[in-house]
Structure formats: structure tokens, C-alpha cells
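Novice: just coords:
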């Protein structure tokens, strides 16, 4: 794997995003993360997984400059794969904990909300879905994820505002479960993952499936149409102009 660093110890795996300064998501990152999680799900030595990033970013979200070169068909294929990834994460049979080391923006926030718990470092990092700010939309599945944790009214507030929330704000609205010191993030994530992993694995898997499968079924009923709508808006003149002004900085 080029952009994902995997380490394991005491039954806990850590999958760390390492792609440049901002861990922007592209085809290869999605493929590597999906493959990694599928392998961990059947690894008898792993009971839980922590997903984190490197540096100031958990993930910037989509690598927009890269996707500007994609055709509509290529971009639709990527979006379909990305939506498949967050559904897989949401149904992952083992505990999956997000340790948000920094900014978790747009697609990065979507991946975080697909996890069972989110811990955020108490620093300058922010989290949110800011797509409306540059004239883009989201996906049916990402709306379902947000509403699952926040409720529909609060999810609407988050999506309509496009605000990126500081750690304390994210905690107050339920977007993250805990805010911890940067130096304590890794240890606290392991503690939370370990506590979840201590549950009976078969019981955890069954209960998680009972909670999540109806949500995923709702996602699937609208996902393809929402992706098509997303693509139409992405390639509309004003949004396309806005996207060309977005740069990725460390």
C-alpha cells in the first residue's frame, strides 16, 4: 500500500492515512482502504481497528485538482466506489474507531461518520461537510450517516451551514464523541477500541448489523440517483468554476 500504513498490536490494528500533507482521497486511497478493512475483518488476530491520519489532516476530502481531469463517467465510477467504502465501514463487523488527528473535511468527515466512534484532537483541526459553500452537494448515504448520529434536524443544520466545526463545537453537536489532547489521542483511541473489542465478537457483529443494515438499505435505495445528481451539479458552470479555484495546501 502506498498511502495507508498498517500496524497491529494487542489485537488492535491502526490504519493511518499518509498521502501528502492533507491525505486527500482519490481512487487509490479508496481502493487501499477498502482492501485493508476487508482483510482486517477476517484476520483472527485483529479485534478492532483505528483509522487515523498523519500531520495536520485526518483528510482534506476529495483530491479536487486531480478529479478536474476526470470525465463524467470516470468521476461517477469513483463516487460509486467511495460510497461503497463508507457503507462497508458502517457495516464493518469489528469495532472501527476514528482518531481525528486534524482536519476532517467533506469526504474526510464522511469517512469519520462511518466509524463507530470519533475522537478528535483538541487542536486547530476542524470537521464538517462544507460542500454547499462551493456549490456542491453530498450523497444519500452521507446524509444517512449524519442523521444516524445527529438526528435529521441537526444534520440539516450542519449541511445547510457548510460550517467547519472546531473540536469543542463538534463535541457539542454530537459530531464527535470526545475531544482529547493531541498527545493523548492515540492512547485514548486504543482504550476506546479495546473497550469495544472486549465485547463478545459475535454479539457485537450481530447487534451492529441489526442497527445498521436498515440504514444501509435506505442508502442504497437512493444512492445511485444522488450520485447522478451530484455529478450534474459538479459539472455545472458555476460549481465547475468554483472547483477550479480550490487548491490543496498543507
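Specialist: Received the coordinates, thanks. Quantities reported herein were computed from a predicted structural model and do not represent experimental measurements.
Novice: the strands in this protein, which residues?
Specialist: Remark: strands assigned in the chain by DSSP state E are 4-9, 12-17, 48-52, 57-59, 96-100, 103-105, 117-121, 127-128, 178-180.
Novice: would JSON lines of those with mean pLDDT and mean neighbour count be doable?
Specialist: For glycine as for every other residue, the C-beta is placed from the backbone atoms N, C-alpha and C. Output for the strands of the chain, formatted as JSON lines (pLDDT from 0 to 100; neighbours: other CB atoms under 10 Å):
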{"stretch": "strand 4-9", "mean pLDDT": "96", "mean neighbour count": "14"}
{"stretch": "strand 12-17", "mean pLDDT": "98", "mean neighbour count": "21"}
{"stretch": "strand 48-52", "mean pLDDT": "98", "mean neighbour count": "25"}
{"stretch": "strand 57-59", "mean pLDDT": "97", "mean neighbour count": "27"}
{"stretch": "strand 96-100", "mean pLDDT": "98", "mean neighbour count": "28"}
{"stretch": "strand 103-105", "mean pLDDT": "97", "mean neighbour count": "27"}
{"stretch": "strand 117-121", "mean pLDDT": "98", "mean neighbour count": "25"}
{"stretch": "strand 127-128", "mean pLDDT": "98", "mean neighbour count": "26"}
{"stretch": "strand 178-180", "mean pLDDT": "98", "mean neighbour count": "18"}
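Novice: For this structure, which segments count as helices?
Specialist: 27-41, 64-67, 72-90, 107-113, 140-150, 152-161, 167-173, 185-197, 201-234, 237-244 (DSSP state H).
Novice: nearest to residue 131, of the ones you listed?
Specialist: helix 152-161 (8.0 Å; CB to CB).
Novice: quick one: the residue nearest the centre of the chain from residue 85, how far?
Specialist: Residue closest to the average C-alpha location in the chain (CA atoms, centre = their mean): residue 111, at 0.8 Å. Using CB to CB, to the nearest Å, we find residue 111 at a distance of 8 Å from residue 85.
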